[in-house]
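>>> test case, fold it:
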Amino acid sequence: QVQLVESGGGLVQAGGSLRLSCAASGRTFSNYGMGWFRQAPGKEREFVAAISRSASSQYGDSVKGRFTISRDNAKNTGYLQMNSLKPEDTAVYYCAARRSLGVGYAVSDYSYWGQGTQVTVSS
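Numbers count the residues shown, from 1 in each chain. Predicted structure coming up:
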């Protein structure tokens with residue numbers, strides 16, 4: 001089993017940047033694909049980005065060109081660099097991990113979840 005802890009959320013003005021981190025423990029991080037999802041009040045959890053065990057990445061349409069997902073297996077940590085933030089990016093951001101190969105796009109593709117970190121973008 002792998003444990004995930006997100007950090008780096010906060011309040012930022014529109015157009016600003018934040019970098020979220022996801023620290024993993026309990027298992028070999030390189031054996032897991034990782035994803036980022038977000039959930040705004042009253043909405044379903046939404047796919048943001050994912051990176052596979054082989055470091056191939058995919059993004060949700062709403063964040064393409066603005067967000068970058070990466071991983072540092074030596075540090076057992078994944079990252080989500082968020083640039084050009086918009087008020088509609090406001091949500092709780094969750095990192096997730098999966099044992100399977102390839103990129104996962106759905107909530108059900110992931111077995112392990114962090115507790116979430118709040119990102120608020122003011123206009």
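>>> centroid residue for this structure?
For the chain, the residue lying nearest the average C-alpha position, counting by CA atoms, centre = their mean, turns out to be residue 36 (2.4 Å).
>>> would you map the strands across the protein?
Secondary structure of the chain by DSSP state E: the strands cover 3-7, 10-13, 18-25, 33-39, 46-51, 57-59, 67-72, 77-82, 91-98, 112-113, 117-122.
>>> can I get those strands in TSV including mean pLDDT and distance to residue 105?
Backbone N, C-alpha and C define where each C-beta goes, glycine included. Below are the strands of the chain laid out as TSV (pLDDT from 0 to 100; distance: least, CB to CB, whole Å):
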stretch	mean pLDDT	distance to residue 105
strand 3-7	97	18
strand 10-13	98	26
strand 18-25	97	17
strand 33-39	98	8
strand 46-51	98	5
strand 57-59	97	7
strand 67-72	97	13
strand 77-82	98	16
strand 91-98	98	11
strand 112-113	98	15
strand 117-122	98	20
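>>> make a markdown table out of those strands and add distance to residue 104.
Below are the strands of the chain laid out as a markdown table (distance: least, CB to CB, whole Å):
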| stretch | distance to residue 104 |
| --- | --- |
| strand 3-7 | 14 |
| strand 10-13 | 27 |
| strand 18-25 | 15 |
| strand 33-39 | 6 |
| strand 46-51 | 6 |
| strand 57-59 | 9 |
| strand 67-72 | 12 |
| strand 77-82 | 13 |
| strand 91-98 | 5 |
| strand 112-113 | 12 |
| strand 117-122 | 20 |
